[in-house]
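Asker: My questions concern the predicted model and sequence given below.
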Number of protein chains: 2
Amino acid sequence: MAERKARADALRNRETVLAAADELFARSESPRSVSMDEIAAAAGVGKGTLFRRFGDRTGLIRAVFEARIEPLRHAVEAGPAPLGPSAPPRERVPALLDAVLCFKLDNRHLSLALEEAGSGSPYQAAHYAWWHGILRDLLERMRDAADGTADGPADGTAAGPAPESDFTAHALLAATRADLVEHLAAQEGMDRERIRAQLAAFVGTVLGQG
Amino acid sequence: MAERKARADALRNRETVLAAADELFARSESPRSVSMDEIAAAAGVGKGTLFRRFGDRTGLIRAVFEARIEPLRHAVEAGPAPLGPSAPPRERVPALLDAVLCFKLDNRHLSLALEEAGSGSPYQAAHYAWWHGILRDLLERMRDAADGTADGPADGTAAGPAPESDFTAHALLAATRADLVEHLAAQEGMDRERIRAQLAAFVGTVLGQG
DNA sequence: CGACTATACGGACCGACGGTCCGCTTCGTA
DNA sequence: TACGAAGCGGACCGTCGGTCCGTATAGTCG
């Protein structure tokens, strides 16, 4: 089961490649314009090495992304309020969405690359399911808290996965999509704080009377 | 100025190609799997003809899309309520979003193809700006109506383009993105009416206390 | 310390795709 | 009927993601 310990040079190469790719995506106009050959050349390794370590282009992008988002992920899973699990939902949801937005603002091209990687849809990426799950649960808990025990269909305890929270979570995340963020920042020329304020206001409206 | 009249066979070919492309996109698993060669072959024309008529892949997809969406566009621009201009904003906004959603449900692969065409972002497509403009104006009118004349910054009449309505329009449209719709329908297995109901509820929440 | 093996490396190579080019055909007109 | 322009088709090209295999090296064992 335990993977045979990796060779030292392989590990070093892995890091080199991740750094080179990160750099290239950050510099590039569009993520599509960054080819695997370029990344290999920039990292000073052969193309075969890239595909051996990461499987395919999507795998490489995902790896770079994971490395970048790790701190945020940790803050959400085990950090303090308002991002961490200890925060009350009403306060945590806006904080999470703001964090997602800020991450995409700080890593525009990388986020763009990830969302258009794979078979075309960001909804297949594991990290999307993760965000969505957290958000959905929080919304669900808010809804439960809101209506004492009344309202819903006959079944008291949640047998179904509560369709409304599911969709709302998708819709809120859709408002932070990388290409939308890129459009607002680049085409409409909105600055960072303006975008954050707009998103916060929107989230407030949606949660207002959940 | 007037373009020299087009040749009859060229017109016929144009229609043949549009029909073939439409068909192929509808049948395909993913729009990426439909190549220009395939479309040319299916239409019984040479590849050169495709590029001559439509410029590039994006141009072709756009043309197919325009042909499909024309009726809806017309209904919005000159039709009766609730889609047409005569409908009051509070009623027209949900109707428009539902219409967009239904269109994407009925033309999933084509919509998908369009949104991932171009330089990667749907926000550069002309039709997006069109939808967004209509929506933003409606939201703006609702906001103006809501607060008598109070609230906002010093300037009475709208000098700036009202940032809040602009973002809200983007966010609402984001909830109808083709890949999200595809995900809900294909991965989560939601049926058409369920999706429509969810979107309607979400829109209701957002407009609820604009 | 030297030999041996699993692991990793690199870059030539491949098939597919979007897009171009140019000689040939066909339409529409005089 | 003859002629020029508009249109056509498919061979051709450059690029890209991905594969393959002969070579080099890290780590281990005697």
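Answerer: Happy to help now that I have it.

Asker: make it CA atoms for all contacts and neighbour counts henceforth
Answerer: Noted.

Asker: neighbours of the residue nearest to residue A:116 when sequence neighbours are not counted, just the number please.
Answerer: Among residues not flanking residue A:116 along the chain, residue A:122 sits closest, at 6.5 Å (CA to CA, 6 or more residues apart in numbering or on different chains). For residue A:122, the tally of surrounding residues (other CA atoms under 10 Å in any protein chain shown) stands at 23.

Asker: Need the residues that contact the helix or strand bottoming out on mean pLDDT in chain A.
Answerer: Sorting the helices and strands of chain A by mean pLDDT, DSSP states H and E puts helix A:126-146 at the bottom, at a mean of 92. With contacts defined as CA atoms under 8 Å, 6 or more residues apart in numbering or on different chains, helix A:126-146 is touched by A:89-90, A:93, A:122-123, A:162, A:165-166, A:168-170, A:173, A:210.

Asker: Narrow the residues you listed to those that are buried.
Answerer: A:89-90, A:93, A:122-123, A:165-166, A:168-170, A:173 (16 or more other CA atoms under 10 Å in any protein chain shown).

Asker: follow-up on the earlier one: ok, now which ones touch the residue nearest to residue A:116?
Answerer: Remark: with contacts taken as CA under 8 Å, 6+ apart, residue A:122 is in contact with A:114-116, A:128.

Asker: And for residue A:168?
Answerer: Residues in contact with residue A:168 (CA under 8 Å, 6+ apart) are A:136, B:202.

Asker: Any figure for the gap between it and residue B:202?
Answerer: Noted for residue A:168: a distance of 7 Å to residue B:202, by CA to CA, to the nearest Å.

Asker: Check residue A:43 too.
Answerer: For residue A:43 relative to residue B:202 (CA to CA), the value is 47 Å.

Asker: Can you tell me which residues in chain A are near chain B?
Answerer: Within chain A, the positions adjacent to chain B are A:116, A:120-121, A:123, A:163-164, A:167-168, A:170-172, A:174-175, A:179-180, A:183, A:198-199, A:202, A:205-206, A:209-210 by CA under 8 Å from any CA of the partner chain.

Asker: Strands - which of the residues you listed land there?
Answerer: Using DSSP state E to define strands, no part of the residues of chain A next to chain B is located there.

Asker: Where does pLDDT dip in chain A?
Answerer: Applying pLDDT under 70 to chain A flags the ranges A:1-5, A:147-162, A:209-210.

Asker: please redo it, this time with the cut-off set to 90
Answerer: Applying pLDDT under 90 to chain A flags the ranges A:1-9, A:29, A:81, A:116-122, A:124-126, A:143-163, A:208-210.

Asker: got the residues of it near DNA strand D?
Answerer: A:7-9, A:32-37, A:47-48, A:51, A:55-58 (CA under 7 Å from any atom of the strand).

Asker: Nearest to residue B:23 among those?
Answerer: Nearest to residue B:23 among the residues of chain A next to DNA strand D is residue A:32, at 27.8 Å by CA to CA.

Asker: Identify the residue spatially nearest to the closest one, adjacent ones excluded.
Answerer: Nearest residue to residue A:32, sequence neighbours excluded (CA to CA, 6+ apart): residue A:113, at 7.4 Å.

Asker: Just to check, the one you found is in contact with residue A:61?
Answerer: Yes. Residue A:113 lies in contact with residue A:61 (CA atoms under 8 Å); the separation is 7.1 Å.

Asker: For the residue nearest to residue A:32, grab the count of nearby residues.
Answerer: 24.

Asker: and it, what is it in contact with?
Answerer: For residue A:113, the contacting residues are A:25, A:31-32, A:61, by CA under 8 Å, 6+ apart.

Asker: Top of the residues you listed by number of neighbours, please.
Answerer: Tallying neighbours with other CA under 10 Å puts residue A:25 at the head of these, with 25 neighbours.

Asker: In terms of helices and strands, where is it?
Answerer: Under the criterion of DSSP states H and E, residue A:25 resides in helix A:8-27.

Asker: Flag every buried residue along that helix.
Answerer: Buried residues in helix A:8-27, counted by 16+ other CA under 10 Å: A:13-14, A:16-22, A:24-26.

Asker: What of stretch A:37-56?
Answerer: A:39-40, A:42-43, A:45, A:50.

Asker: from those residues, which ones fall inside helices?
Answerer: Secondary structure from DSSP state H places A:39-40, A:42-43, A:50 of the buried residues of stretch A:37-56 in helices.

Asker: List the ones among the contacts of residue A:113 that fall in helices.
Answerer: The helices, defined by DSSP H, take in A:25, A:61 from those.

Asker: ok, so of the contacts of residue A:113, who is nearest chain B?
Answerer: Of all the contacts of residue A:113, residue A:32 has the smallest distance to chain B: 8.3 Å, by CA to the nearest CA.

Asker: and chain A, what are its domains?
Answerer: Using automatic domain parsing, the domain ranges for chain A come out as A:7-55, A:68-208.

Asker: and of those, who's closest to DNA strand C?
Answerer: Evaluated with CA to the nearest atom of the strand, the domains of chain A place domain A:7-55 nearest to DNA strand C, the distance being 2.8 Å.

Asker: Could you tell me the end-to-end distance of the closest one?
Answerer: For domain A:7-55, the end-to-end distance is 18 Å (CA to CA).

Asker: can it be found next to DNA strand C?
Answerer: Yes. Residues of domain A:7-55 contacting DNA strand C under CA under 7 Å from any atom of the strand: A:7, A:9-11, A:13-14, A:44-49, A:52-53.

Asker: Need those in CSV (columns: distance to residue A:106).
Answerer: Shown next, in CSV, are the residues of domain A:7-55 next to DNA strand C (distance: CA to CA, whole Å):
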residue, distance to residue A:106
A:7, 33
A:9, 31
A:10, 29
A:11, 27
A:13, 26
A:14, 23
A:44, 26
A:45, 28
A:46, 30
A:47, 28
A:48, 31
A:49, 29
A:52, 29
A:53, 26
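
Asker: Noted, bye for now.
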